[in-house]
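Colleague: Take this sequence and fold it.
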Amino acid sequence: MAPIAAGGVPWPDFLTGQPDQPVRVLLVDDDPHIRRVIAQELLGDPRVLLVGQASSLREGKRLVALHAFDVMLVDLNLGDGTGFQLIEFMKHTHPVAEAVVVSAMEDEEHAIHAFELGATGYLIKNSWFGNFAQAVLQVVNGGASVTPNLARRLLRRLESSGPAGRHKGSARAGARGVGPDALSTREREILRFVAIGHTSGEIGVRLGISTQTVNCHVKNVYRKLQVRTRAQAVSLASMHGLLY
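Modeller: Numbers count the residues shown, from 1 in each chain. Predicted coordinates for the structure are as follows:
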């Protein structure tokens with residue numbers, strides 16, 4: 001029988017984050033109130049374990065260096081530096097860990113830069129309608145977590161680089177060796193689902209294929225686009241008009 005998560009929601013036993021082996025999280029934010037709110041949500045879910053908190057770039061680097069963890073929640077403004085710097089440091093020392101930005105800055109450029117650095121989530125303070133523990137679980141299970149209003153703007157941006165902007169995007173792609181036909185129709189289809197935050201399991205259900213097949217297509221996308229994360233794949237494909 002599947003374990004019951006916080007709020008009485010069944011959590012399938014094949015997903016990462018079980019009460020006996022919770023997802024380990026670091027929280028880095030210079031706002032003590034926001035940090036307290038997020039920490040309370042994380043502590044209230046048995047699928048998640050909050051292993052450390054920090055309020056600055058220096059303290060964040062110390063936590064990253066000292067702890068084993070799976071996901072880092074990080075603000076972009078850290079007083080003595082930026083969350084971008086901490087994401088870069090984290091990806092260098094813990095390349096398989098996930099980073100989720102929690103920020104007051106909701107413009108697309110900040111979000112895209114975070115994704116390019118390897119983040120798999122971008123949540124806007126005071127505009128996030130979900131649960132922070134759920135966001136953590138979503139990214140650690142292969143999905144992405146983006147505040148809905150920002151996700152909508154990013155989708156519009158993807159649309160603007162679709163059929164109408166494909167020629168321009170293809171020209172930029174040539175500089176990196178990525179041509180207009182670099183991805184197959186199925187790979188583009190899967191990448192569009194990835195762009196709006198679906199996990200491999202959800203994509204498999206929608207397309208009638210196995211999760212393993214979805215992951216195989218995603219790996220092929222990584223290889224063809226020469227990227228290492230889903231966020232980087234979506235960002236590069238968007239800029240090059242490869243999603244349509």
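Colleague: Provide the contact partners of stretch 15-27 at residue level.
Modeller: Applying CB atoms under 8 Å, 6 or more residues apart in numbering, the set of residues contacting stretch 15-27 from outside is 3, 11, 35, 38-39, 42, 46-54, 60, 63-64, 67-73, 136-137, 140-141. C-beta here means a position set from N, CA and C on the backbone, and glycine is covered the same way.
Colleague: List buried members of the residues you listed by neighbour count.
Modeller: Buried members of the contacts of stretch 15-27, scored by 16 or more other CB atoms under 10 Å, are 11, 35, 38-39, 42, 46-54, 60, 63-64, 69-73, 136-137, 140-141.
Colleague: Quick check on residue 122: phi, psi?
Modeller: The main-chain torsion angles of residue 122 are listed as degrees, to the nearest 10 and equal phi -150, psi 110.
Colleague: Likewise for residue 50?
Modeller: The phi/psi pair for residue 50 (degrees, to the nearest 10) reads phi -80, psi 110.
Colleague: Bridged to it, which residues?
Modeller: Under DSSP bridges, the beta-bridge partners of residue 50 are residue 25.
Colleague: how many other residues sit next to residue 154?
Modeller: Around residue 154 sit 21 other residues, with neighbours defined as other CB atoms under 10 Å.
Colleague: I figured it hits residue 146, correct?
Modeller: Yes - taking contact to mean CB atoms under 8 Å, the distance of 7.0 Å between residue 154 and residue 146 places them in contact.
Colleague: report the longest helix in the protein, please.
Modeller: With secondary structure taken from DSSP state H, the chain has its longest helix at helix 211-225.
Colleague: So which residues make contact with that one?
Modeller: The contact list for helix 211-225 (CB under 8 Å, 6+ apart) reads 142, 178, 182-183, 186-187, 190-191, 194, 200-201, 203-204, 207, 227-228, 230, 232-233, 236-237.
Colleague: Just the ones in strands from these, please.
Modeller: Applying DSSP state E to these, no entry is found in strands.
Colleague: of these, buried ones?
Modeller: Neighbour counting by 16+ other CB under 10 Å classes 142, 178, 182-183, 187, 190-191, 194, 200-201, 203-204, 227, 230, 232-233, 236-237 among the contacts of helix 211-225 as buried.
Colleague: Count residues in the vicinity of residue 44, would you?
Modeller: Counted with other CB under 10 Å, residues neighbouring residue 44 total 13.
Colleague: Ignore what I typed, I meant residue 17.
Modeller: Neighbour count of residue 17, defined by other CB under 10 Å: 25.
Colleague: now residue 126
Modeller: 8.
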